[in-house]
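In: Following is a predicted model, sequence given first.
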Amino acid sequence: MKPANPVSLFLALLALSAALVVCGTAVGSQGWEPLFFRTDGPRFAILWEIRLPRTLGAWLAGALLGLAGAVAQGLFRNPLADPYLLGSATGAAFGVALCLVAIGISPLAAPDWLAHWGLTLAGFVGAMAAVLVTLVLAQGVQHTLRLLLSGVVVGMVFGALSALVMFWDPEIMRAMQAFLLGTTGFLGWGSTGLLAVVLVVATVAALGFSRALDALALGEVTAASLGVALTPVRVVLVVAMALATGAAVAQVGLIAFIGLVAPHLMRALAKPTHRWLLPLSALAGGVLLLAADVLARWLLAPQEIPVGVLTAVLGGGYLIWLMHRRPV
């Protein structure tokens, strides 16, 4: 199949994102609802204060995961690399678990500022702490393989610590369930604005080193011979990946497969350089997570499927189909 033009694919993903935003704002607790009503009624307030920030926040979180996945796959030179490799996901889970024990209440019963900012801050701090432990264990970013193995170890340790906290205080298990299964239900305008700022910062940082990622695809020795300063490149890319992943996970919980599938799809469709792969992966991640969120809210309305479960089923199904189509 002839590779798609990156510009055409970029525009198509933008159009699909806009269509999904409209769909997301039209899905309420009872399923599809009309968008055209008076701007001074309670239904408009629901749309503006709940549905729209949730929809935009879901897209932004997916874009961050897609961008982080593209950076991870380029940095580790592995198309199956995941943005959670440095332990940020389990670190965020540990931070949220500790916060829930400290406040002693469910996020549903917490004040808005605590539900949206307290747990978010705890998740972000936990994610950053896990990444810092990974960097210390790997003795910096000089050795990619050591960094990868350290991330796996740290992820397992922080996952065990999260389980230990839940064992110590079983009352938080129900509250942790929403985080572990993934949810966009706590997104508001504040968290959406935060995700937007992080997306801009991470995208600019990653795009600044897109040529270095192209050189790394040829191997570290070749990249060094081409004049790539490997240590500064790794530092910036690891920070950008950790920032993007930590912000997304802190806001929507553990969302599976978005960061893995989005860049994989873009490489299969367009075969672009990283200058195009990074923004295309961000757009694809936003489309995938927002589409999954719309389905999760609509399929069994008024009940809602955890969006992380839906992305795991769909993403796992895609990878199984890919393995069947292209056996090793």
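Out: Right, received. Where do you want to start?
In: Just give me the neighbour total for the nearest residue in space to I258 that is not next to it in sequence.
Out: By the measure of CB to CB, 6 or more residues apart in numbering, the closest residue to I258 outside its immediate chain neighbours is L65, 4.4 Å from it. The C-beta positions use only the backbone N, C-alpha and C, and glycine is treated the same way. Neighbour count for L65, taken as other CB atoms under 10 Å: 34.
In: V125 now?
Out: 19.
In: With V152 instead?
Out: V152: 13 neighbours (other CB under 10 Å).
In: tell me the contacts of it?
Out: L85 (CB atoms under 8 Å, 6 or more residues apart in numbering).
In: Over to the one 4 residues further on?
Out: Shown here is M156, whose contacts under the criterion CB under 8 Å, 6+ apart are T90.
In: returning to that earlier point: so the residue nearest to I258 sits in a helix?
Out: Yes. L65 forms part of a helix when assessed by DSSP: H, G, I helix; E, B strand; the rest coil.
In: Please look at it and Q251 and confirm they touch.
Out: No. The pair L65 / Q251 is not scored as a contact, 10.8 Å apart, by CB atoms under 8 Å.
In: residues of stretch 49-59 that come out buried?
Out: 50-59 (16 or more other CB atoms under 10 Å).
In: likewise stretch 254-269?
Out: Using 16+ other CB under 10 Å as the burial criterion, the residues of stretch 254-269 that qualify are 254-267, 269.
In: can you list contacts of stretch 291-304?
Out: With CB under 8 Å, 6+ apart, stretch 291-304 has contacts from 20, 23-24, 27-32, 54-55, 58, 184-185, 305-307, 310-311, 314.
In: Restrict the helix or strand hosting A92 to CA atoms and write it as CSV.
Out: Element membership for A92, per DSSP states H and E: helix 88-103. The C-alpha trace of helix 88-103 is given here as CSV (Å, rounded to 0.1, in the frame of the first residue of the first chain):
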residue,chain,number,x,y,z
SER,A,88,5.4,6.8,35.5
ALA,A,89,2.1,5.0,35.5
THR,A,90,2.6,2.9,38.6
GLY,A,91,4.3,5.9,40.3
ALA,A,92,1.2,8.0,39.6
ALA,A,93,-1.0,5.2,41.0
PHE,A,94,1.1,5.1,44.2
GLY,A,95,0.8,8.9,44.6
VAL,A,96,-3.0,8.8,44.2
ALA,A,97,-3.2,5.9,46.7
LEU,A,98,-1.2,7.8,49.3
CYS,A,99,-3.3,10.9,48.8
LEU,A,100,-6.5,8.9,49.2
VAL,A,101,-5.2,7.5,52.5
ALA,A,102,-4.2,10.9,53.7
ILE,A,103,-7.6,12.6,53.0
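In: Any regions of the protein where pLDDT drops low?
Out: 1, 29, 34-41, 104-117, 141-142, 326-328 (pLDDT under 70).
In: Now K271. Its backbone dihedrals?
Out: Phi and psi for K271, reported as degrees, to the nearest 10, are phi 50, psi 50.
In: so it makes contact with P3?
Out: Yes. Between K271 and P3 there is a contact under CB under 8 Å: 4.5 Å.
In: sorry, back to before: closest to G126 among the buried residues of stretch 49-59?
Out: Within the buried residues of stretch 49-59, proximity to G126 (CB to CB) peaks at G57, which comes in at 19.8 Å.
In: same for the helix or strand hosting that closest one, what does it pack against?
Out: Element membership for G57 (DSSP H and E) is helix 52-75. If you count contacts as 3 or more CB pairs under 8 Å, 6 or more residues apart in numbering; DSSP states H and E, helix 52-75 packs onto helix 6-26, helix 189-208, helix 210-216, helix 230-252, helix 258-270, helix 274-298.
In: Cool, thanks, talk later.
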